[in-house]
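**Student:** coordinates only, sequence not included:
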């Protein structure tokens, strides 16, 4: 079972990596309450962050779960819910 | 002789708008549109064209190379159907003067429809049913005028027509060399004749999951695959051109330890020439893979007969397929003789005000029983400027839902 801290660490890594590649984003700019759009992420960047994070975490996220996600906290919570459901159902 | 594409043509209409201008007026970041979405222009389909005229106008030039009486199967792939019962193929059969002995039907699976039609036609061509005849496969679609505003800049419309048979000189394939994958998801869909809706992030993730699914299945089918060495070029479904870039980077990162700069160089050498036509057309729906093939054959200096190419087709809903084909002996000469770059160059650019007016006219005619779509009314200015005298099929009248077509 993944802990929320593990998910937070991986998401942070890929938010910073992905946004630094396309904007002047730096680690000091990272705020989990911020909307990904306000941090400069396009829809393509968001999906890249999600796909890289879920690969590291070995999670499969139903695509519809991404609809309406705005902030990094919401993304982390969604991934945590998916991880919890996967764990509960035995994978 | 091998199975595959014997002849191919693209028709993207006669009008276009600047995609970046459209996006910026909706508050989009111009840099994101040009750098990530990677689109420059989009087709604008006037109300006197529909998916039948696009299909027929794409197919007509093929009859310089093949007798229409030799077509024994006609399949049209579309998600822009005009009728719940009567398929587009019935109009195409008559207007292209195909034989009465021509099986024909329409297939739907969002943007996967063109590949579905291609593969079914290939299966038919290799069977005794073909009896020496060939299949005509057309992918034709138009963005709904009421598509969500997020999609407005990357909308479009066009058709690709292909002759499929056992004398392939453009592109050959082995039907068994394919990986496929499906997942039910509501990502982009058309629940009414007006709407084209969806969630961008849901759709993008569904696409990437399909890419992983089809490639994994392809590896199981083929055995050992070296993604870099085994393919000279790669084609990805492009709902917008930048998706090919994201997809390529995503798959490379799955398969190897690679930096962003290295993926960019890899994309430039193996994918980028394949999206150049897409960047001037916008959404091509089921025709996307085949436009990329045309674009590669038109622009790539290092593509030769015998070179293997990978293709990834994706349709929302969702379904994906990954397969390989081989460049045929006459592919480069044939495609460059079409001068598709000049045909795109020759289109008429319209202003954003005219774009809105044409969209409004399209919207007004949806599901109407009687109307004159534009040759004789508000759209006449575009008809006279871009269509008149060019012998293109146009929609003249709709009377009690019956559609009447004429040549311009």
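**Tutor:** In hand now; what should we look at? Worth saying up front: this structure is predicted, and the values here are computed from it rather than measured. Numbering: from 1, shown residues only, chains lettered A, B, ... in the order given.

**Student:** Residue B:156 is in contact with residue B:284, correct?
**Tutor:** Yes. Applying CB atoms under 8 Å, one finds residue B:284 in contact with residue B:156, separated by 6.5 Å. The way it works is simple: take the backbone N, C-alpha and C, and place the C-beta from them, glycine included.

**Student:** which neighbours do these two share?
**Tutor:** By CB atoms under 8 Å, 6 or more residues apart in numbering or on different chains, residue B:284 and residue B:156 have no common neighbours.

**Student:** Model confidence for residue 68, exactly?
**Tutor:** By default, I'm working from chain A. The model reports residue A:68 with a pLDDT of 83.

**Student:** Chain B is the one I meant
**Tutor:** With respect to pLDDT, residue B:68 scores 98.

**Student:** residues contacting it?
**Tutor:** By CB under 8 Å, 6+ apart, the contact set of residue B:68 is B:96-99.

**Student:** which other residues reach stretch B:177-193?
**Tutor:** A:62-64, B:79-80, B:110, B:119, B:144, B:196-199, B:202-203, B:206-207, B:209-210, B:213-222, B:239, B:316-324, B:366-367.

**Student:** same thing but 7 Å
**Tutor:** A:63-64, B:79, B:110, B:144, B:196-199, B:202-203, B:206, B:209-210, B:213-215, B:217-218, B:221-222, B:316-324, B:366-367 (CB atoms under 7 Å, 6 or more residues apart in numbering or on different chains).

**Student:** now the end-to-end length of it.
**Tutor:** End-to-end distance of stretch B:177-193 (CA to CA, to the nearest Å): 37 Å.

**Student:** Mean confidence (pLDDT) on it, please.
**Tutor:** Averaged across stretch B:177-193, the pLDDT comes to 95.

**Student:** ok, longest helix in the chain?
**Tutor:** Picked chain A for this. When chain A is parsed with DSSP state H, its longest helix is helix A:4-22.

**Student:** think we crossed wires, I meant chain B
**Tutor:** Chain B, longest helix under DSSP H: helix B:200-222.

**Student:** got the buried residues for that helix?
**Tutor:** B:200-215, B:217-218 (16 or more other CB atoms under 10 Å in any protein chain shown).

**Student:** near chain A too, which of those residues?
**Tutor:** Applying CB under 7 Å from any CB of the partner chain to the buried residues of helix B:200-222, one finds that B:200-202, B:204-206, B:208-209 fall near chain A.

**Student:** Mind putting those residues into a markdown table with pLDDT?
**Tutor:** Output for those, formatted as a markdown table (pLDDT from 0 to 100):
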| residue | pLDDT |
| --- | --- |
| B:200 | 88 |
| B:201 | 89 |
| B:202 | 93 |
| B:204 | 94 |
| B:205 | 95 |
| B:206 | 96 |
| B:208 | 97 |
| B:209 | 96 |
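
**Student:** I'd like those as JSON lines, with distance to residue B:291 appended.
**Tutor:** Converted to JSON lines, those look like this (distance: CB to CB, whole Å):
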{"residue": "B:200", "distance to residue B:291": "22"}
{"residue": "B:201", "distance to residue B:291": "25"}
{"residue": "B:202", "distance to residue B:291": "25"}
{"residue": "B:204", "distance to residue B:291": "20"}
{"residue": "B:205", "distance to residue B:291": "24"}
{"residue": "B:206", "distance to residue B:291": "22"}
{"residue": "B:208", "distance to residue B:291": "21"}
{"residue": "B:209", "distance to residue B:291": "24"}
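
**Student:** which element is residue A:44 on?
**Tutor:** helix A:43-57 (DSSP states H and E).

**Student:** May I see the buried residues of that helix?
**Tutor:** A:43-55, A:57.

**Student:** mind checking the SS state of residue B:179?
**Tutor:** strand (DSSP: H, G, I helix; E, B strand; the rest coil).

**Student:** Please report the distance of it from residue B:214.
**Tutor:** Look at residue B:179 and residue B:214: by CB to CB, to the nearest Å, they are 5 Å apart.

**Student:** which neighbours do these two share?
**Tutor:** Common neighbours of residue B:179 and residue B:214, counting by CB under 7 Å, 6+ apart, are residue B:322.

**Student:** and residue B:260, what pLDDT?
**Tutor:** Predicted confidence (pLDDT) for residue B:260: 89.

**Student:** tell me the angle of the longest helix of chain A relative to helix A:43-57?
**Tutor:** 140 degrees (axes from the mean of the first three to the mean of the last three CA atoms, to 10 degrees).

**Student:** who in chain A is up against chain B?
**Tutor:** Contacts of chain A with chain B, taken as CB under 7 Å from any CB, map to A:21, A:42-44, A:46-48, A:50-51, A:61, A:63-64, A:66-67.

**Student:** Low-confidence stretches in the stretch 1-150 of chain B?
**Tutor:** Low-confidence segments of the stretch 1-150 of chain B (pLDDT under 70): B:149.

**Student:** who in it is up against chain A?
**Tutor:** By the rule CB under 7 Å from any CB, the part of the stretch 1-150 of chain B lying against chain A is B:32, B:36.

**Student:** What about the residue of the stretch 251-400 of chain B found nearest chain A, how many residues nearby?
**Tutor:** Of all residues in the stretch 251-400 of chain B, residue B:260 sits closest to chain A, at 5.0 Å by CB to the nearest CB. Here the count is done by other CB atoms under 10 Å in any protein chain shown, and residue B:260 has 14 residues near it.

**Student:** Including distance to residue B:354, could the residues of chain A next to chain B go into CSV?
**Tutor:** Below are these laid out as CSV (distance: CB to CB, whole Å):
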residue, distance to residue B:354
A:21, 38
A:42, 29
A:43, 28
A:44, 30
A:46, 34
A:47, 34
A:48, 36
A:50, 39
A:51, 39
A:61, 42
A:63, 36
A:64, 37
A:66, 36
A:67, 34
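
**Student:** just for chain A, where's the confidence low?
**Tutor:** A:88-91.

**Student:** re earlier: just the residues of chain A next to chain B now: which is nearest residue B:127?
**Tutor:** Nearest to residue B:127 out of the residues of chain A next to chain B is residue A:63 (CB to CB; 36.6 Å).

**Student:** ok, the residue lying farthest from the centre of chain B to residue B:263 distance?
**Tutor:** Using CA atoms, centre = their mean, the residue of chain B lying farthest from its centre is residue B:257. It sits 32.8 Å away. Separation of residue B:257 from residue B:263 (CB to CB): 11 Å.

**Student:** Next: residue B:124.
**Tutor:** Following CB to CB, the distance that separates residue B:124 from residue B:263 is 39 Å.

**Student:** which residues does residue B:231 contact?
**Tutor:** B:308-310, B:324.
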